[in-house]
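# Structure of the sequence below:
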Amino acid sequence: MDSDAAYRIAFATVVLTGIVVAARIRRKADRAGGRISRGEDPVPVRIALGATAGSFLAGSLAWIVSPAWMAWAELAVPTFLRWTAVAVALGAVVVGARILGALGRNVTPTSAVRGDATLVTDGPYRRVRHPLYTNSLFFYGSLAVVAANALLMVCALATFLVLAWRSRLEEARLEERFGEAYRSYRRETGRFLPPLSR
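Next up, the predicted model:
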């Protein structure tokens, strides 16, 4: 097996593992709290997220099926860095499962807050308000490095930027739901990274 095939197999394995793990946790939350429609996000957010994540998915599928289709965006990435990125992406799957598990029944596919939601401020959320979005950047960014593809890197960054945009709406909804408790939590935490001083 050539190294390119090995990268594609590793890439596909990590993606499928991530999808299965996230789907199981999300189904459990939906069974416990009811399904939340993706229509809960404003149309511009849904369009932007669909465009960026969809472009990442389309580019990934094209690269897996035939790297020659994506050769125009190929980057020279050292072998050790590509295999390190495989490990980082797998780590992001594990961390993502922990983050989603900490949310429990609060998990939704949108910025919507369930009617019976609780404010989660411990575990991965102790110092960061949106660790799942930060983890998504590591996951998609690492996969782009595995593929050594500039288009996937741009799509990974663009997807994170859309999630950052959506996080503003999510925070407004959380503040509306939890009031001062959320405002206090927001003052003590960082949005995507822990605060530098506490």
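
# Let me see the contact set for the most centrally placed residue in the chain.
Geometric centre of the chain, nearest residue: S136, 2.7 Å, by Cα atoms, centre = their mean. By Cβ atoms under 8 Å, 6 or more residues apart in numbering, the contact set of S136 is A92, G96, T159, F160, L163. C-beta here means a position set from N, CA and C on the backbone, and glycine is covered the same way.

# can you list these in CSV and add secondary structure?
Shown next, in CSV, are the contacts of S136 (DSSP: H, G, I helix; E, B strand; the rest coil):
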residue, secondary structure
A92, helix
G96, helix
T159, helix
F160, helix
L163, helix
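
# circling back: so the residue nearest to the centre of the chain lies in a helix, does it not?
Yes. Looking at S136 with three-state DSSP, it is inside a helix.

# which stretches of this protein have low pLDDT?
Low-confidence segments of the chain, defined by pLDDT under 70: 1-3, 38, 197-198.

# Give the buried residues for the helix or strand where A62 lies.
In this structure, A62 sits in helix 43-65 according to DSSP states H and E. Within helix 43-65, the residues that count as buried by 16 or more other Cβ atoms under 10 Å are 45-46, 48-49, 52-53, 55-56, 59-60, 62-64.

# can you tell me which two in those residues are farthest apart?
V45 and I64 (28.0 Å; Cβ to Cβ).

# Which residues does stretch 168-175 contact?
Stretch 168-175 is contacted from outside by D41, P42, V45, S111, A112, V113, L119, R129, H130, Y182, R183, R186, using Cβ under 8 Å, 6+ apart.

# Pull out the buried members of those.
By 16+ other Cβ under 10 Å, these give D41, V45, S111, A112, V113, R129, H130, Y182 as buried.

# Report whether the fifth one is found in a strand, as I expect.
No. Assigned with three-state DSSP, V113 falls outside any strand and is coil.

# Would you mind measuring from it to T159?
Relative to T159, V113 is positioned 22 Å away (Cβ to Cβ, to the nearest Å).

# can you check the second one too?
With distances defined as Cβ to Cβ, the gap from V45 to T159 amounts to 12 Å.

# ditto for the fourth one
Plainly put, A112 is 19 Å away from T159 if you go by Cβ to Cβ.

# ok, back up a step: specify which member of the buried residues of helix 43-65 is nearest to R177.
Nearest to R177 among these, with distances taken as Cβ to Cβ, is V45, at 18.6 Å.

# Could you report the separation of the closest residue in space to that closest one that isn't next to it in sequence from P42?
Nearest non-adjacent residue to V45, counting by Cβ to Cβ, 6 or more residues apart in numbering: R166, 5.2 Å away. For R166, the distance to P42 (Cβ to Cβ) stands at 9 Å.

# Touching both of those two, which residues are there?
The contact sets of R166 and P42 do not overlap (Cβ under 8 Å, 6+ apart).

# ok, V154 to L193 distance?
Distance from V154 to L193, by Cβ to Cβ: 22 Å.
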